[in-house]
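*Asks:* Sequence isn't available, so here's the structure alone:
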């Protein structure tokens, strides 16, 4: 029997191409940060702002954040202690230097976990990626704050930030 | 014989379904709690007022944060329309008619009264204010 070499080769090439594309898509090209999956964390962190992906900050940051909810960037976001403990556990376990490591290597460049930064928007990589956004865009009535990721990143809720 | 049984069971069923409508939901229970707490400090209390709730919702306070002087700063002037918080996130309408699922989780209602009254009034709201406000939203 004669082997159909050409169709086979083309088929293999196509498969290899899609495997590459899909592989990249899964890795997210470093613009994918898995969204919060825990319903309690999603409800409590996501009712005022986007429930930021835990892999965007190191565990020390989340710990510090949750320790001072009484003054959460100027707002009182205090929670029932049992709920707060559950949320802290989730954030710490999926942080940029723990469970969420493979999604955060680039975002964490130049960040010292011992400093426990609280603002994602002050991470060097974040600043670099957004350097071309003009001031008036940040002040636009539909944006208002740099914490409003979803105003520009339409798929932020699902974890994608490449647009 | 069978007919009689059928009639009896039908009547029972009807009675049951009507009594079911009278069972208080979490919203009514919470209002009852606010009412008894108000009565404890003010024996002359004769019931909540949606009109007082409306005033509370729309008036401007000086005791809270400068950028949120009123409930309407974030919730907007139309109770049936969506609001927007300082972080840019949309807030579902507060009117019960527009958001029928609201006010069914007492812990959630208390959590937001605590946070938002502190932000807007600079203090916690009284049970009377909470009851009035809830009555206003239920009437909307």
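*Replies:* Alright, I've got the coordinates. Because the structure is a prediction, the values reported are computed rather than measured. Residues are numbered from 1 along each chain as shown, chains lettered A, B, ... in the order given.
*Asks:* Give me the residue at the spatial middle of chain A.
*Replies:* Central residue of chain A (C-alpha atoms, centre = their mean): residue A:33, 3.5 Å from the mean position.
*Asks:* where does chain A dip in pLDDT?
*Replies:* Scanning chain A for pLDDT under 70 picks out the ranges A:1-3, A:13-29.
*Asks:* Tell me the residue of it that sits nearest chain B?
*Replies:* Of all residues in chain A, residue A:148 sits closest to chain B, at 3.7 Å by C-beta to the nearest C-beta. (C-beta placed from N, C-alpha, C; glycine too.)
*Asks:* who's in contact with that residue?
*Replies:* By C-beta atoms under 8 Å, 6 or more residues apart in numbering or on different chains, the residues touching residue A:148 are A:49, A:50, B:87, B:88, B:89.
*Asks:* Tell me how many other residues surround residue A:139.
*Replies:* Residue A:139: 10 surrounding residues under other C-beta atoms under 10 Å in any protein chain shown.
*Asks:* Once you drop chain neighbours, what's closest to the residue of chain B found nearest chain A?
*Replies:* Closest contact between chain B and chain A, by C-beta to the nearest C-beta, is at residue B:88 (3.7 Å). Nearest residue to residue B:88, sequence neighbours excluded (C-beta to C-beta, 6 or more residues apart in numbering or on different chains): residue A:148, at 3.7 Å.
*Asks:* Could you count how many residues lie near residue A:114?
*Replies:* What residue A:114 shows, counting by other C-beta under 10 Å, is a neighbour count of 7.
*Asks:* try residue B:131
*Replies:* Residue B:131 has 25 neighbours, counted by other C-beta under 10 Å.
*Asks:* now residue B:127
*Replies:* 21.
*Asks:* go on, residue B:135?
*Replies:* 20.
*Asks:* got the contact list for whatever helix or strand it lives in?
*Replies:* Assigned by DSSP states H and E, residue B:135 falls within helix B:127-139. Residues from elsewhere that reach helix B:127-139 (C-beta under 8 Å, 6+ apart): B:27, B:30-31, B:33-35, B:37-38, B:42, B:45, B:48-54, B:56-57, B:79, B:94-96, B:102-103, B:109, B:113, B:117, B:125.
*Asks:* Tell me how many other residues crowd the closest residue to residue A:87 other than its chain neighbours.
*Replies:* Leaving aside its chain neighbours, residue A:87 sits nearest to residue A:41 (5.1 Å; criterion: C-beta to C-beta, 6+ apart). Using other C-beta under 10 Å, residue A:41 is surrounded by 20 other residues.
*Asks:* shouldn't residue A:41 be in contact with residue A:52?
*Replies:* No: using C-beta atoms under 8 Å, residue A:41 is not in contact with residue A:52; the gap is 10.3 Å.
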